[in-house]
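S.K.: Following is a predicted model, sequence given first.
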Amino acid sequence: MNWRKRVCNGLCCLVIGSLTTLQAQVLLRYEENETVTWQEAVEMYRWLDTQYEEAFLMEAGETDVGKPLHLFIISKDGLFTPEQVRQSGRNILFINNGIHPGEPCGVDASLELASGLLSGSDPYAQYLENTVVVILPLFNVGGALNRSPYHRANQNGPKEQGFRGNARNLDLNRDFIKLDSKNARSLVKILREWDPEIFVDTHTSNGADYSYTITLINSHQQRHEPAQSAFLSETMLPWLFDAMNRTPYPMSPYVWSYGRSPESGIVGFMDYPRYTSGYVSLFNTLAFTVETHMFKPFEERVRSTWHLLREMLSFTSSHQAGIHKARQLAREQKLNRNQFTLVWALDTTRKETISFSGYCAKTETSRVTGHPRMYYDREDPWKADIPYYRYFTPVESVEVPEYYYLPSAWGEVAERLMLNQVKTSKLPRDTVMELEVYYIDDYSTRGEPYNGHYWHGSTKLRKELQQVQLYAGDLVIPVRQPAIEYIVQTLEPAGYDSFFSWNFFDAILSRKEYFSPYIFEESAALLLKEDTRLSEEFRNKREQDSLFRSDPYAQLRYIYERSPWSEISYRRYPVYRQVK
């Protein structure tokens with residue numbers, strides 16, 4: 001990627017009016033309950049690029065709608081490539097906006113942040129000494145171009161907003177493993193090149209009603225290595241919440257009610273790798289999802305986001321050494337992991353207590369349906385200590401192998417590994433190796449499409465040691481490399497967001513060879529005669545299972561699946577493991 005490429009067309013070279021005029025037209029549009037368009041945001045960043053040597057706007061990738069992604073970089077010393085920034089020792093604060101364009105608070109807040117930092121009117125400009133700020137102005141370009149006053153039925157403004165789905169109707173915040181969209185492919189490439197220390201994704205929440213304008217999700221502490229988990233829990237999160245309490249916008253953890261309303265407690269969010277925060281944290285980035293409250297005025301949502309982005313910059317700069325130390329230790333810890341958790345479940349036996357300000361949840365008769373309906377009475381506020389269930393327990397874990405082997409037939413998987421800078425090599429010649437193989441014994445599938453896929457879960461596996469035929473060109477994937485957790489989470493089929501879960505290996509789930517009952521009957525009888533163990537198992541199943549006993553085809557299939565004719569590739573997962 002050419003990081004020095006200037007983006008310019010006839011419009012961006014015309015600087016019309018003063019910064020004050022631009023602020024009135026663009027920067028402060030949120031005060032009129034309006035959000036900037038994608039074109040206006042890009043033009044404003046172009047204008048800032050022409051005015052300040054510390055600013056650089058670039059095209060950084062493709063999107064599904066045919067428009068480019070842009071990155072805007074604020075660097076005090078003019079360091080505009082990830083290589084330069086890493087060599088300088090500065091931290092990188094990466095801000096991603098508009099993944100859901102109907103939630104545009106961060107789009108407008110980032111414009112005001114950038115303008116204030118570059119002009120020097122914001123005293124937080126001092127924190128650019130140790131930090132480079134990278135802003136993605138609007139990630140879901142297709143959704144942003146699709147504006148309407150009617151996309152967000154439960155949201156208080158702005159007057160018009162973009163659409164949640166992108167040009168392919170994909171929710172981009174569920175696309176960071178499967179990478180169906182050009183948008184996500186572009187951003188993954190950007191993130192692997194910049195590899196930020198801190199990542200912030202800006203959103204608007206949709207759920208319970210309460211007094212807070214802004215809430216926060218952090219990449220879950222239990223998914224981080226001990227060094228970063230401790231730093232996040234003991235240093236960064238307390239600092240951020242204290243800092244926001246000194247602004248007009250005190251902050252709460254993300255509000256996901258444990259029961260009917262927050263009065264019964266709130267639940268932590270397990271950010272699996274499909275989400276931006278879950279994805280970047282696979283690579284030891286501390287990630288945050290900002291969730292402003294949909295019922296609060298748009299102006300207040302933008303201002304609260306702006307305050308939090310400033311505090312993120314302040315923390316990232318003032319804790320430069322601590323962030324680097326925790327990350328380096330975490331990288332070493334991750335490389336030495338012998339096990340990863342693939343699936344988590346909320347631990348309802350373990351809770352903390354936090355102070356919370358909410359509105360009483362009450363019940364009245366609906367004027368529409370005539371049935372009881374819940375509502376929040378803003379005239380009846382409350383403040384109390386409530387349970388906070390933020391701990392999870394491992395449901396599915398896996399021992400880390402030394403190598404995976406991926407046959408070259410599965411090119412879509414190989415392509416995604418390459419995009420994530422996974423180091424691989426190719427077998428130089430055909431060979432047979434003794435490797436661990438999985439068989440998919442059982443799984444569940446969503447009954448309707450989920451973001452373009454029929455997602456698999458609750459996967460049950462059987463492991464065998466087999467002689468496996470590999471061919472020249474098949475991929476050899478050493479596991480102990482910087483992308484170790486990404487490799488394990490995606491290639492282990494039981495992973496919540498594995499490639500198997502997202503349907504990349506569905507072809508193995510159906511047979512390609514079959515039997516005809518009237519022909520196989522004689523072979524089945526001979527097998528039962530020669531194989532006493534099979535005969536006993538068959539007899540026991542007939543005695544214990546009345547449905548099986550009444551189904552002649554099921555009985556023949558039972559024998560066929562345990563015969564030499566049954567294809568070895570049926571439900572055999574085509575990624576093989578080599579342990580020490």
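M.R.: Right, received. Where do you want to start?
S.K.: and Tyr359, that's in a helix?
M.R.: No: assessed by DSSP: H, G, I helix; E, B strand; the rest coil, Tyr359 does not belong to a helix; its assignment is strand.
S.K.: contacting residues around it?
M.R.: 209-211, 376-378, 380-382 (Cβ atoms under 8 Å, 6 or more residues apart in numbering). (Glycine included, C-beta is placed from N, CA and C.)
S.K.: ok, how many other residues are close to the nearest residue to it once chain neighbours are set aside?
M.R.: Among residues not flanking Tyr359 along the chain, Tyr376 sits closest, at 4.2 Å (Cβ to Cβ, 6 or more residues apart in numbering). By other Cβ atoms under 10 Å, 18 other residues sit near Tyr376.
S.K.: List the strands paired with the helix or strand containing Tyr376, with their directions.
M.R.: According to DSSP states H and E, Tyr376 maps onto strand 372-389. Its sheet considered, strand 372-389 pairs with strand 266-267 (parallel), strand 352-365 (antiparallel) by DSSP bridges.
S.K.: tell me the mean pLDDT for the first one?
M.R.: Translated: strand 266-267. The pLDDT scores in strand 266-267 average 97.
S.K.: mind listing what the residue lying closest to Gln421 once chain neighbours are set aside touches?
M.R.: Nearest residue to Gln421 in three dimensions, chain neighbours excluded: Arg192, at 4.8 Å (Cβ to Cβ, 6+ apart). Counting by Cβ under 8 Å, 6+ apart, Arg192 touches 283, 419-421.
S.K.: For the closest residue to Ile190 other than its chain neighbours, grab the count of nearby residues.
M.R.: Sequence neighbours aside, Ala60 is the residue nearest to Ile190 in space, at 5.5 Å (criterion: Cβ to Cβ, 6+ apart). Residues near Ala60, counting by other Cβ under 10 Å, number 24.
S.K.: Report pLDDT for Ala60.
M.R.: pLDDT, Ala60: 97.
S.K.: neighbouring contacts of the host helix or strand of it?
M.R.: Per DSSP H and E, Ala60 falls inside strand 55-62. Outside strand 55-62, the residues within contact range by Cβ under 8 Å, 6+ apart are 1, 3-7, 42, 45-46, 48-49, 68-75, 78, 80, 114, 118, 136, 182-183, 185-187, 189-190.
S.K.: Which strands border it, and is each parallel or antiparallel?
M.R.: Sheet pairing for strand 55-62, assigned by DSSP bridges, gives strand 68-74 (antiparallel).
S.K.: Flag every buried residue along the helix or strand hosting Trp306.
M.R.: If you go by DSSP H and E, Trp306 is part of helix 298-318. Neighbour-count burial for helix 298-318 flags 298-318 (criterion: 16 or more other Cβ atoms under 10 Å).
S.K.: per-residue confidence at Cys249?
M.R.: Rather than Cys, residue 249 is Tyr. Tyr249 is assigned a pLDDT of 98 by the prediction.
S.K.: again, but for the one 5 residues further on
M.R.: The confidence metric pLDDT takes the value 97 at Tyr254.
S.K.: how about it, what does it touch?
M.R.: Contacts of Tyr254 (Cβ under 8 Å, 6+ apart): 205, 215-217, 266, 268-269, 289, 291.
S.K.: Equivalent analysis for Pro196, please.
M.R.: Applying Cβ under 8 Å, 6+ apart, the residues near Pro196 are 91-94, 134, 280, 285.
S.K.: Now do the strands in the stretch 101-250 of the chain.
M.R.: Using DSSP state E, counting those that start in this stretch, the strands of the stretch 101-250 of the chain run over 131-136, 198-205, 214-218.
S.K.: how many neighbours does Leu556 have?
M.R.: 18.
S.K.: that older thread, Ala554: which of the strands paired with strand 372-389 is closest?
M.R.: Counting by Cβ to Cβ, Ala554 lies closest to strand 266-267 out of the strands paired with strand 372-389; the figure is 43.1 Å.
S.K.: what sits up against the closest one?
M.R.: Contacts of strand 266-267 (Cβ under 8 Å, 6+ apart): 253-258, 346, 354, 356, 386-390.
S.K.: Swap in 7 Å and give it another go.
M.R.: In this structure, residues lying in contact with strand 266-267 by Cβ atoms under 7 Å, 6 or more residues apart in numbering are 253, 255-258, 346, 386, 388-389.
S.K.: And Phe520, how far from Ala554?
M.R.: 13 Å (Cβ to Cβ, to the nearest Å).
S.K.: ok, these two, which is more surrounded?
M.R.: Taking other Cβ under 10 Å, Phe520 and Ala554 do not tie; Phe520 has more neighbours (18 against 13).
S.K.: Leaving out sequence neighbours, find the closest residue to that one.
M.R.: Nearest non-adjacent residue to Phe520 (Cβ to Cβ, 6+ apart): Leu556, at 5.8 Å.
S.K.: and the one you found, what does it touch?
M.R.: Leu556 sits in contact with 517, 520, 524, where contact means Cβ under 7 Å, 6+ apart.
S.K.: try 8 Å
M.R.: The contact partners of Leu556, taken as Cβ under 8 Å, 6+ apart, are 515, 517, 520-521, 524.
S.K.: now swap in Lys296 and tell me
M.R.: 156, 213, 304.
S.K.: sec struct for the closest residue to Gly495 other than its chain neighbours, please.
M.R.: Spatial nearest neighbour of Gly495, excluding adjacent residues (Cβ to Cβ, 6+ apart): Leu342 at 4.3 Å. Counting by three-state DSSP, the backbone at Leu342 sits in strand.
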